[in-house]
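1. what follows is a predicted protein model with its sequence.
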Amino acid sequence: AIDPPETQATSQALAALQQLQCIELQAGLPKLTLVGRQLANLPVGPLLGRLLVMGSLLGCLTRAASVAACLSMKSPFAIPVDSLGHARLKKARKELADQLPPGLRSDHLILLRAYETWVAQGDE
């Protein structure tokens, strides 16, 4: 038989879904919101689904999908074991960050910049 999830895990999951505006409590029971119903139809988790829905609404779905794809995989900025690899990785990440405006240097936008740079190099 399958054991039910721990009460704390269920509570944390419900809180996360509320924070993402996927559910709202009505009479103490969770009910899907419009966003929640949209996310329930996507074959991704709620965080990535929310990113895709918001990207669609804001007219930047292609970029949102690229970021979602990057976030669903191991980070290309994972630290290598040797110090030379670590230094090269740190330098490459800084170069990508420097291409972005100072107020927009988030991990997500750096990932997007890395992807766009890779795509552009494939066209050359």
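-> It's in.

2. so which elements touch the helix or strand where Lys94 lies?
-> Element membership of Lys94 [criterion: DSSP states H and E] is helix 83-98. Helices and strands touching helix 83-98, by 3 or more Cβ pairs under 8 Å, 6 or more residues apart in numbering; DSSP states H and E, are helix 107-123. Where you see a C-beta, it was placed from the backbone N, CA and C, and this is true even at glycine.

3. and the helix it packs on, how far out from the chain's middle?
-> When C-alpha coordinates are averaged (Cα atoms, centre = their mean, to the nearest Å), helix 107-123 and its chain have centres 15 Å apart.

4. show me what it is packed up against.
-> helix 61-71, helix 83-98.

5. also compute the angle for it relative to helix 61-71, please.
-> 100 degrees (axes from the mean of the first three to the mean of the last three Cα atoms, to 10 degrees).

6. give me the mean pLDDT for helix 107-123.
-> Mean pLDDT, computed over helix 107-123, is 83.

7. which parts of it are buried?
-> By neighbour count on 16 or more other Cβ atoms under 10 Å, the buried set for helix 107-123 is 108-115.

8. Serialize the residues you listed to TSV and add fields for distance to Ala97.
-> Formatted as TSV, those follow (distance: Cβ to Cβ, whole Å):
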residue	distance to Ala97
His108	12
Leu109	9
Ile110	5
Leu111	11
Leu112	12
Arg113	8
Ala114	10
Tyr115	14
